[in-house]
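> Provide a 3D model corresponding to the input given below.
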Amino acid sequence: MINPVRWENGRLVLLDQTRLPAEEVERSCASWAEVADAIRRLVVRGAPAIGVAAAYGLVLAARESAARDASALRSDLEDAIKGLAATRPTAVNLFWSLDRMRRVIDAGPDLSAPALAERLVAEAQAIQAEDLAANHAMGAHGVALVPEGARVLTHCNAGALATAGYGTAVGVIRAAHERGRLAMVWVDETRPVMQGSRLTAWELAREGIPHRLISDVAAGFVMQRGEVDLVVTGADRIAANGDTANKIGTYSVAVLARHHRIPFYVAAPWSTIDPSIPDGGAIVIEERDAAEVRGVAGRQTAPANSPVFNPAFDVTPAELITAIITERGVVRPPYHFT
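Sure, this is the predicted structure:
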């Protein structure tokens, strides 16, 4: 099983996803600032995995604090929470995880740093274990939506690499493969960072799951040819009305699926649902470095002075989503999350 986030000997060990698929390299983090940098640089990515990593980042913050009293310790931890929260504004699991860890801090106001660190590591491990269990539950619920001999299209990477293991959207695909229901998977390359080609294809190839990689602009063509039976993607934030933020390009895939009358499913843990956000218009969309669009794999493919718009995510309206697969079951429209 792929293990992208691991706590070992007082350090957070991350599988460096920026190095895949060429090489499997792990990065060890000994401070919360190193964890924040890893999240920001996409060493670890995917909303659930970011949440798990951030939780361990707070453990490291408690361990590295030189505070001499409880007030100073809380100040150090608040600095870490703010720093970690600033890394990826769209991924709601990040904030959900930090809120859980803050509640542990609030429950032990007089604890020493070592004692609080022990409580925090237990909570981080619980978050990680719960996410893994949720992924398997999503797979079990989602497989019922997959017909025999299904050809599934997925966008970006919502697999083991994006979670505590197994995956959300790819977890549904894994479950279908394990039960013999899957014919093959169409994998969008997912420009500009290529999470589909670099990460999803790597996961599927590693486990012998039949798949074919396509450019993002080929998705409509394979649908038009009648070669897609359903689409399943992950999510970074789901609003109260079901509007869903996911990797840029997801909205386009959903529009194509609706035109071709293909079911479009979102798979995400309940922690990805943000009932405080009424609709997708209120979701903050992260914008990333222009260099990601001006080049591919370090090679410049556009003029250096060409202006760039590089949103990391887009929002798929709820009316385009056939159902949302969660660990609690399959939720169908109309969506009213509270």
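> after the lengthiest helix in the chain comes which helix or strand?
For the chain, the helix with the greatest residue count under DSSP state H is helix 113-142. Per DSSP states H and E, helix 113-142 leads on to strand 150-154 as the next helix or strand towards the C-terminus.
> For Ala240, list the residues it contacts.
When contacts are counted by Cβ atoms under 8 Å, 6 or more residues apart in numbering, Ala240 touches Ile273, Asp274, Pro275, Ser276, Ile277, Pro278, Asp279, Tyr335, His336, Phe337, Thr338. The C-beta positions use only the backbone N, C-alpha and C, and glycine is treated the same way.
> List only buried entries from those residues.
When neighbours are counted using 16 or more other Cβ atoms under 10 Å, the contacts of Ala240 contain these buried positions: Ile273, Asp274, Ile277, Tyr335, Phe337.
> domain parsing for this structure?
Per automatic domain parsing, the structural domains of the chain span 5-136, 140-331.
> Tell me where the model's unsure across this structure.
Scanning the chain for pLDDT under 70 picks out nothing.
> which ones are touching the residue nearest in space to the middle of it?
The centroid of the chain falls nearest to Gly46 when counting by Cα atoms, centre = their mean (2.1 Å). In this structure, Gly46 makes contact with Pro4, Asn157, Ala158, Leu161, Ala162, Thr163, Gly234, judged by Cβ under 8 Å, 6+ apart.
> Quick check, the fifth one in contact with Thr233.
So the one you mean is Ala162. No: in this structure, Ala162 is not within contact of Thr233 by Cβ atoms under 8 Å, at 11.1 Å.
> which of the two has more neighbours?
Neighbours were counted for Ala162 and for Thr233 using other Cβ atoms under 10 Å; Ala162 has more, 31 against 27.
> separation between the closest residue in space to that one that isn't next to it in sequence and Pro210?
Sequence neighbours aside, Gly46 is the residue nearest to Ala162 in space, at 2.3 Å (criterion: Cβ to Cβ, 6 or more residues apart in numbering). According to Cβ to Cβ, to the nearest Å, Gly46 stands 23 Å off from Pro210.
> And Pro311, by the same measure?
Remark: distance between Pro311 and Pro210 (Cβ to Cβ) = 32 Å.
> same thing with Ala267?
Taking Cβ to Cβ, one finds Ala267 at 20 Å from Pro210.
> The two - which one has more neighbours?
A count of neighbours by other Cβ under 10 Å puts Ala267 above the other of Ala267 and Pro210, at 30 against 12.
> ok, that one touching Thr163?
No: at 10.4 Å, Ala267 and Thr163 do not qualify as touching, with contact defined as Cβ under 8 Å.
> Find residues that contact each of those two.
Common neighbours of Ala267 and Thr163 (Cβ under 8 Å, 6+ apart) are Gly171.
> who's in contact with Phe313?
By Cβ under 8 Å, 6+ apart, Phe313 lies in contact with Thr90, Asp236, Ala245, Asn246, Lys247, Ile248, Thr250, Ile283, Ile285, Glu286.
> how about a cut-off of 7 Å?
With contact taken as Cβ atoms under 7 Å, 6 or more residues apart in numbering, Phe313 is in contact with Thr90, Asp236, Ala245, Asn246, Lys247, Ile248, Ile285, Glu286.
> Could you do Thr272 as well?
Shown in contact with Thr272 (Cβ under 7 Å, 6+ apart): Ala47, Val92, Asn93, Ala235, Asp236, Arg237, Ile238.
> Can you mark which positions in the host helix or strand of the third one are buried?
In this assignment (DSSP H and E), Asn93 forms part of helix 92-107. By neighbour count, and taking 16+ other Cβ under 10 Å as the criterion, the buried residues in helix 92-107 are Val92, Asn93, Leu94, Phe95, Trp96, Ser97, Leu98, Arg100, Met101, Val104, Ile105.
> now do stretch 176-190
Buried residues in stretch 176-190, counted by 16+ other Cβ under 10 Å: Ala176, His177, Arg181, Leu182, Met184, Val185, Trp186, Val187, Asp188, Glu189, Thr190.
> Pretty sure the first one sits against His141.
No: Ala176 is beyond contact range of His141, at 11.9 Å (criterion: Cβ atoms under 7 Å).
> The top strand by length along the chain - contacts with which helices or strands?
When the chain is parsed with DSSP state E, its longest strand is strand 182-188. The contact analysis (3 or more Cβ pairs under 7 Å, 6 or more residues apart in numbering; DSSP states H and E) places strand 182-188 against strand 150-154, helix 169-178, helix 201-206, strand 211-214.
> Identify each buried residue in the last one, please.
Buried positions in strand 211-214, judged by neighbour count with 16+ other Cβ under 10 Å: His211, Leu213, Ile214.
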